[in-house]
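Student: What follows is a predicted protein model with its sequence.
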Amino acid sequence: MHMEMFKPELCDMCGDCLAQCPVLELSPGLAVDYISRLVDGEYVSEVLDRCTGCMSCDAICSKGAHPYGLLLEWYAERYLASGIPGIFLGAMPQRDGPNLWRGLDRWLTVGERRNLELWSRPPESEEVLFLGCNQHLTPYVADAALFRDVTVFTDPDQCCGEYFLRLGLIDVARRKAASLARRFAELGIRRIIAFCPACHNTMNNLAPLALGVHFDVEIVSMVDWLAARVKRGEIEISAPLSGTVTVQDPCHASGLEPATVENVRGLLEHIGLKVMEMQASGATAECCGLGASLARYHLRDVLRAGVRRMRQTRTPGADMTCAWCNGCYMVMNMFRLFYPIAPPVYQLVELMQTATGEVPIRLPARPAQLLIAATEASVRGGFSFRQVKV
């Protein structure tokens, strides 16, 4: 294992990263004590067993020390010492065995299958709208006229490595990221419009910092790309919306430019919606729930964090929730199956489509299909919590 993301020489042990964490809610005194102990090599369960991986600590740190990297180091050490529960294998992209993607395959529509085959072909353009692994679970979202002037590309055999990095599988994450970087180079891709903020942050920040893998491409957020097109008059709002919306910002917003977070709000207001912020938003937003599984590998942590966030979507009293991360979009729609009183969750692309007069493809059964596919993958994999190495 080799990581150089955390910069101890820049850390002054102020504890702000933990004191201002929206999940831990520690006193300043405890925060200073805990960060000092973590840096000194002590496993601090009060932090590591409660962390949801929301990455807010990196956005909070004013010294650029990347405290999230310190947490990753601890999770990497844990993996090397004991592995991960076997049940996590079903959520690994490209796994040679039962996984969520294979389980969902039978429910993909004819249009989704056709598009995935088309988008997987080597692109002829140096600029592509790149779809990550999660987009293979909801490819219908990318089937939009908003993208008719850009080449859409994905590669089902490639992954940016984000999931593996979060789990502490540093060497696997490094191999995945390096493979994807080589693939871009082989195809002559020079500019990537990142559909997924997790891919964007991983390729632009986490891979270079934590894995030593550099992507020789220009990377721009899909949000910023859409905002620029709106500003140039290339996207016409012919059917403006009305009502209120709250925003679920992804964990990876902490690694993106502040302008990207603001552009989400700007786009929503441009199409006629009033933004009502919920608790913990922007670069310090709370996790949608999925990341909470990584602290203790407990399903109840996922449920607790997910329900907490769904409740927070109700607090502003908005008509709907906008998610601009596909992971958040999927997970929050799955949680709505059990918490239907939460406002409906839309992808930013879907709202933009509606405002331009295009009827977005909505597959209301997909959240249930994802839940069934995930459960089946776990059962077929033995539903084992026995620790394994990948």
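Tutor: Ah, there it is.

Student: for E277, helix, strand, or coil?
Tutor: Counting by DSSP: H, G, I helix; E, B strand; the rest coil, the backbone at E277 sits in coil.

Student: which residues does it contact?
Tutor: Applying Cβ atoms under 8 Å, 6 or more residues apart in numbering to E277 gives the contacts T246, V247, P316. C-beta: built from backbone N, CA, C; applies to glycine.

Student: With adjacent residues omitted, what lies nearest to R190?
Tutor: Leaving aside its chain neighbours, R190 sits nearest to E126 (4.2 Å; criterion: Cβ to Cβ, 6 or more residues apart in numbering).

Student: hang on, the earlier thing: closest to P343 out of the contacts of E277?
Tutor: T246 (7.2 Å; Cβ to Cβ).

Student: Quick one: residues contacting that closest one.
Tutor: T246 is in contact with V275, M276, E277, M278, T313, P316, A318, M320, T321, C322, P343, counting by Cβ under 8 Å, 6+ apart.

Student: The same query, at a cut-off of 10 Å, please.
Tutor: Contacts for T246 (Cβ atoms under 10 Å, 6 or more residues apart in numbering) come out as 268, 275-279, 281, 312-322, 343.

Student: how near is P258 to L89?
Tutor: Separation of P258 from L89 (Cβ to Cβ, to the nearest Å): 37 Å.

Student: For those two, indicate the residue with more neighbours.
Tutor: Taking other Cβ atoms under 10 Å, P258 and L89 do not tie; L89 has more neighbours (20 against 11).

Student: Do a quick rundown of the strands in the stretch 251-390 of the chain.
Tutor: Along the stretch 251-390 of the chain, the stretches classed as strands by DSSP state E, counting those that start in this stretch are 274-275, 320-323, 345-347, 387-388.

Student: counting contacts, what elements does the longest one pack onto?
Tutor: Contacting strand 320-323 under the criterion 3 or more Cβ pairs under 10 Å, 6 or more residues apart in numbering; DSSP states H and E are the following elements: strand 244-248, helix 258-270, helix 299-314, helix 326-335, strand 345-347, helix 348-355.

Student: from the contacts of T246, which would you call buried?
Tutor: Among the contacts of T246, those classed as buried by 16 or more other Cβ atoms under 10 Å are L268, V275, M278, S281, Q312, T313, P316, A318, M320, T321, C322, P343.

Student: any idea which of the residues you listed is closest to S120?
Tutor: Lowest distance from S120 to the buried ones among the contacts of T246 (Cβ to Cβ) belongs to C322, with 28.5 Å.

Student: I figured that closest one was touching M278, is that so?
Tutor: No: with contact defined as Cβ atoms under 10 Å, C322 does not count as touching M278 (11.0 Å).

Student: shared neighbours, those two?
Tutor: T246, V247, Q248, D249.

Student: Name the spans of this structure whose pLDDT lies under the cut-off.
Tutor: 1-2 (pLDDT under 70).

Student: per-domain residue ranges of it.
Tutor: 8-82, 110-235, 237-362 (automatic domain parsing).

Student: all helices of the stretch 51-200 of the chain, in order?
Tutor: 56-60, 67-82, 100-104, 110-119, 162-167, 170-187, 197-201 (DSSP state H, counting those that start in this stretch).

Student: I'd like to know which of those lies nearest to D33.
Tutor: Among these, the nearest to D33 by Cβ to Cβ is helix 67-82 (14.6 Å).

Student: related to what we said a few turns ago, go through the helices and strands packed on strand 320-323 and pick out the most buried.
Tutor: Of the helices and strands packed on strand 320-323, the one with the most neighbours on average (mean count of other Cβ atoms under 10 Å) is helix 326-335, at a mean of 25.

Student: how far out from the middle of the chain is that helix?
Tutor: How far helix 326-335 lies from its chain's middle: 10 Å, per Cα atoms, centre = their mean, to the nearest Å.

Student: Which neighbouring elements make contact with it?
Tutor: Applying 3+ Cβ pairs under 10 Å, 6+ apart, one finds that helix 326-335 makes contact with helix 197-201, strand 244-248, helix 299-314, strand 320-323, strand 345-347, helix 348-355, helix 366-380.

Student: ok, L129 - contacts?
Tutor: The contact partners of L129, by Cβ under 10 Å, 6+ apart, come to 119, 123, 142, 146-147, 149-154, 192-195, 222, 225.

Student: Can you tell me which of the residues you listed are buried?
Tutor: Listed as buried from those are 119, 123, 142, 146-147, 150-154, 192-195, 222, 225; burial here means 16+ other Cβ under 10 Å.

Student: ok, which pair from these is furthest apart?
Tutor: Among the buried ones among the contacts of L129, the pair separated by the greatest distance (Cβ to Cβ) is P123 and L146, at 17.9 Å.

Student: what are the phi and psi angles of L18?
Tutor: Note on L18: its backbone torsions stand at phi -90, psi -40 [degrees, to the nearest 10].

Student: So which of the buried ones among the contacts of T246 is the closest to V349?
Tutor: Distances from V349 to the buried ones among the contacts of T246, taken by Cβ to Cβ, are shortest for C322, at 10.0 Å.
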